[in-house]
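Enquirer: model the following, please.
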Amino acid sequence: MASCCEEKSCEVAALRAQHGRILLAVLGINAAMFVLEGVAGWWSHSTSLLADALDMFGDAMVYGFSLFVLNRSARWQARAALAKGGFMLLFGLGVLAEALHKVLSPVVPDPVTMSLTGAVALAANLICFALLFRHRADNLNMSSTWACSRNDLIANVGVLFAAAATYLSASRWPDIAVGGAIAAIFLRSAYSVSRDALREMRRASGRARTAAAASTIVLHRTSPVRPGAGE
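Expert: The predicted model follows:
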């Protein structure tokens with residue numbers, strides 16, 4: 001029995017160590033791509049690139065949260081997932097504000113910079129997606145992290161589409177539309193991740209109350225009865 005428990009403990013420790021290495025790798029990739037896309041988006045006046053850059057920054061923070069709660073309880077992981085949902089919500093609203101600003105600012109973005117930067121970002125996110133894919137169902141921490149990576153791929157494809165449409169139409173509207181679509185993806189994911197996190201927090205609270213009640217019953221049953229207490 002002890003050997004079995006030791007084996008299980010070793011398996012959990014090895015899995016957490018593997019999660020840590022993967023999260024550290026994708027954090028570094030997203031931090032680097034945030035800088036690259038942010039500069040390229042500012043240079044090319046592209047809403048979709050700036051939206052994707054904000055997504056990269058948000059994901060880097062998400063992966064940092066995931067590393068922080070890696071060896072913590074399910075309740076901590078649920079709290080981190082809720083924080084991730086909050087960041088997704090903030091970035092989604094930020095991208096919507098940027099898209100509205102570009103509606104009032106008649107500047108056509110540079111499609112060449114958009115396409116080249118978008119292609120690099122797509123390659124980077126494919127690496128992140130591949131690293132996270134096999135661990136997406138391990139726990140809430142990894143599943144919410146994988147959801148961020150999946151959204152990144154959708155956003156990257158949108159940036160490339162916006163670059164092609166901008167080149168063909170010489171209009172700013174495809175870029176604005178894709179930026180708005182990326183914002184919508186953020187908001188939808190924020191809702192989904194936050195919902196799952198709140199559900200897990202309720203489950204953890206229920207388990208804690210059940211364990212506390214069971215402990216109280218055991219203590220009551222095992223407490224010694226003093227002579228004459230019932231007289």
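Enquirer: low-confidence ranges, the protein, go.
Expert: 1-16, 66, 69-77, 136-142, 144, 204, 206-231 (pLDDT under 70).
Enquirer: same thing but 90
Expert: Residues of the chain that meet the criterion pLDDT under 90 lie in 1-27, 30-31, 34, 38, 41-42, 44-109, 125, 128-159, 169-231.
Enquirer: now do the contacts for K84.
Expert: V62, F65, S144, T145, C148, V193, A197 (Cβ atoms under 8 Å, 6 or more residues apart in numbering). Where C-beta positions appear, they are placed from N, C-alpha and C, glycine not excepted.
Enquirer: so the last one is in which element?
Expert: Spelled out, that is A197. Applying DSSP states H and E as the criterion places A197 in helix 173-222.
Enquirer: just F161 next, same as before
Expert: Per DSSP H and E: helix 140-169 holds F161.
Enquirer: what's that helix packed up against?
Expert: Other helices and strands packing on helix 140-169, by 3 or more Cβ pairs under 8 Å, 6 or more residues apart in numbering; DSSP states H and E, are helix 2-44, helix 47-68, helix 74-104, helix 111-133, helix 173-222.
Enquirer: among these, which is nearest A165?
Expert: helix 173-222 (3.5 Å; Cβ to Cβ).
Enquirer: could I get stretch 166-176 in CSV with only the CA atoms?
Expert: Below are the C-alpha coordinates for stretch 166-176, written out as CSV (Å, rounded to 0.1, in the frame of the first residue of the first chain):
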residue,chain,number,x,y,z
THR,A,166,-6.6,45.0,-46.5
TYR,A,167,-4.2,44.4,-49.4
LEU,A,168,-7.0,43.6,-51.8
SER,A,169,-9.4,46.3,-50.7
ALA,A,170,-7.0,49.1,-49.6
SER,A,171,-9.5,49.6,-46.8
ARG,A,172,-9.1,49.8,-43.0
TRP,A,173,-12.4,47.9,-42.4
PRO,A,174,-11.2,44.3,-42.6
ASP,A,175,-8.6,45.1,-39.9
ILE,A,176,-11.2,46.7,-37.7
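Enquirer: report how many residues lie close to L153.
Expert: 15 (other Cβ atoms under 10 Å).
Enquirer: and the residue lying closest to it once chain neighbours are set aside, how far from D55?
Expert: Nearest residue to L153 in three dimensions, chain neighbours excluded: N125, at 5.3 Å (Cβ to Cβ, 6 or more residues apart in numbering). As judged by Cβ to Cβ, to the nearest Å, N125 and D55 stand 9 Å apart.
Enquirer: relative to L90, how far out is A32?
Expert: Distance from A32 to L90, by Cβ to Cβ: 22 Å.
Enquirer: let me redo that: C148
Expert: From C148 to L90 the distance is 14 Å (Cβ to Cβ).
Enquirer: okay, stretch 178-191 in CSV with CA atoms only?
Expert: The C-alpha coordinates for stretch 178-191 follow below in CSV (Å, rounded to 0.1, in the frame of the first residue of the first chain):
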residue,chain,number,x,y,z
VAL,A,178,-11.0,41.2,-37.3
GLY,A,179,-10.0,43.2,-34.3
GLY,A,180,-13.6,43.2,-33.2
ALA,A,181,-13.9,39.5,-33.8
ILE,A,182,-10.8,38.8,-31.6
ALA,A,183,-12.4,40.9,-28.9
ALA,A,184,-15.5,38.8,-29.1
ILE,A,185,-13.5,35.7,-28.7
PHE,A,186,-11.8,37.2,-25.6
LEU,A,187,-15.2,38.0,-24.1
ARG,A,188,-16.6,34.5,-24.9
SER,A,189,-13.6,32.8,-23.4
ALA,A,190,-13.7,35.1,-20.3
TYR,A,191,-17.3,33.9,-19.7
